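Student: return atomic coordinates for the entry below.
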Amino acid sequence: MTACKNFLSDNTAPIDKAVLEALLQANENHTLPYGQDKFSAELETVFAQKLGAKLKVFPVATGTGANALALSALVSPWGAVICDKAGHIENDEGGAPEFYTGGAKIMTIQSKDGKILPKKLKEALLYNQNKGVLAPPIQALSLSQSTECGTFYCKAELKALVDLAHEFGLLVHLDGARLGNAVAALECDVKEITSEIGIDALVFGMGKAGAMAAEPLVIFENERTKPALKALSHLRKRAGQTWSKGRFLSVQALAMLAEDRWLKNSRHANAMIAHLLEGLTAKQKTSSFEFYLPYETKTNELFLITETALLDHLEKEDFAFYRFPVEEIFKDEITHFKNPQMARFVTSFYTKKEDIEALLKAF
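Tutor: Take a look at the predicted model:
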């Protein structure tokens, strides 16, 4: 079997066979439309049991759609949401959050590794308050778990940020596109980093873990989220995110939740990156190959800085990955490189050891 050379993203992986089977089974008979079907009702029950909380589930097809829809329910058009500067809503959603919210501003906090520090958040919130009417009031905090740098927040780190946000009257949105990878790395129960610490809106990512198109938006029921819950059904319809044949979103999510397939798949993806890192570390000790890790690597994304010529060689060997310019904060650490560049390699539930071995051989 030919090794897969595509390490661009976990989005490049096929659909998990369990999801395909669930879609086929749901395709047998007529049922009610617009999420009134039995599968959608079951999905809400399963999520409530898994997360141990009262909640409402709004199945959405894409992560961008789910994030933007969530923020449209949490933030006023004249308000603002704050996130890390590396956040997906800031860099990779084509203005969808601003569009869905009707013009709310996205404000950012610079970090070294995609993780906001409580001190920096408090400074930003106090500054925003002192600006008065001259600045849109920050009404929501958006966090990514795991982050766009492949790092993750531990429970205590998340809780500190959530508590601070609530103290300032903000709602908290968690972009969980790679939630499974974070849970697998933390070896915790998903409740511990969502419902138990006060997350208000959760995008429970499944596409990167093997679904075709299923990113359920989970809203936890509390006093803070009452206005959002009242508006969301209408907002979802207005945004074109209410599927007439909604069962085909729900059955994907049910298939991923069954036997924790979303977590098992994420755990495998993490293990493949760990195998890659182990091989690269061994190779660096026994050859002239050098690399620098800008971020801690424990999920399914590996960022490294190495010579541009080596990355050129990998591409000539048909390996696919993303490149990024080296940020200023790392330049003092890599002065020994002649022409450094940063690259990102991502694994998925479908990545095999043979794929990793082929990549290691090419380095």
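Student: stretch 279-295: end-to-end distance?
Tutor: By CA to CA, to the nearest Å, the extent of stretch 279-295 from end to end equals 17 Å.
Student: avg pLDDT for it?
Tutor: What stretch 279-295 shows for mean pLDDT is 91.
Student: checking Met107 next. Helix, strand or coil?
Tutor: strand (DSSP: H, G, I helix; E, B strand; the rest coil).
Student: now the closest residue to it other than its chain neighbours, what's its secondary structure?
Tutor: In space, not counting the residues next to it along the chain, Met107 is nearest to Ile82; the distance is 4.6 Å by CB to CB, 6 or more residues apart in numbering. All C-beta spots, glycine's among them, are computed from the backbone N, C-alpha and C. Secondary structure assignment for Ile82 (three-state DSSP): strand.
Student: from now on call the first residue 13
Tutor: With the count now opening at 13, the last piece we talked about shows up as Ile94.
Student: okay, and the beta partners of Ile94?
Tutor: Beta-bridge partners recorded for Ile94 (DSSP bridges): Met119, Leu153.
Student: what does the pLDDT read for it?
Tutor: 98.
Student: do the same with Glu329
Tutor: 95.
Student: burial measure for it, as a count.
Tutor: For Glu329, the count of nearby residues is 13 (other CB atoms under 10 Å).
Student: any idea how far the closest residue to it other than its chain neighbours is from Ile150?
Tutor: Spatially, and ignoring its direct neighbours in sequence, Glu329 is nearest to Ala374 (4.9 Å; CB to CB, 6+ apart). For Ala374, the distance to Ile150 equals 46 Å [CB to CB, to the nearest Å].
Student: neighbour-wise, which of the two wins?
Tutor: More crowded of Ala374 and Ile150, by other CB under 10 Å: Ile150, with 24 against 15.
Student: surely Gln122 and Gly99 touch.
Tutor: No. In this structure Gln122 lies outside contact range of Gly99 using CB atoms under 8 Å: 11.2 Å.
Student: the nearest residue to Asn39 once chain neighbours are set aside: what secondary structure?
Tutor: The shortest distance from Asn39 to any non-neighbouring residue, by CB to CB, 6+ apart, is to Phe260 (7.9 Å). When classified by three-state DSSP, Phe260 comes out as helix.
Student: what's near enough to touch Phe260?
Tutor: 35, 38-39 (CB atoms under 8 Å, 6 or more residues apart in numbering).
Student: JSON lines please, covering these and showing secondary structure, pLDDT and neighbour count.
Tutor: What follows is those, written out as JSON lines (DSSP: H, G, I helix; E, B strand; the rest coil; pLDDT from 0 to 100; neighbours: other CB atoms under 10 Å):
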{"residue": "Leu35", "secondary structure": "helix", "pLDDT": "96", "neighbour count": "16"}
{"residue": "Ala38", "secondary structure": "helix", "pLDDT": "94", "neighbour count": "20"}
{"residue": "Asn39", "secondary structure": "coil", "pLDDT": "94", "neighbour count": "11"}
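Student: can you put those residues in JSON lines and add distance to Ser278?
Tutor: Shown next, in JSON lines, are those (distance: CB to CB, whole Å):
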{"residue": "Leu35", "distance to Ser278": "21"}
{"residue": "Ala38", "distance to Ser278": "24"}
{"residue": "Asn39", "distance to Ser278": "27"}
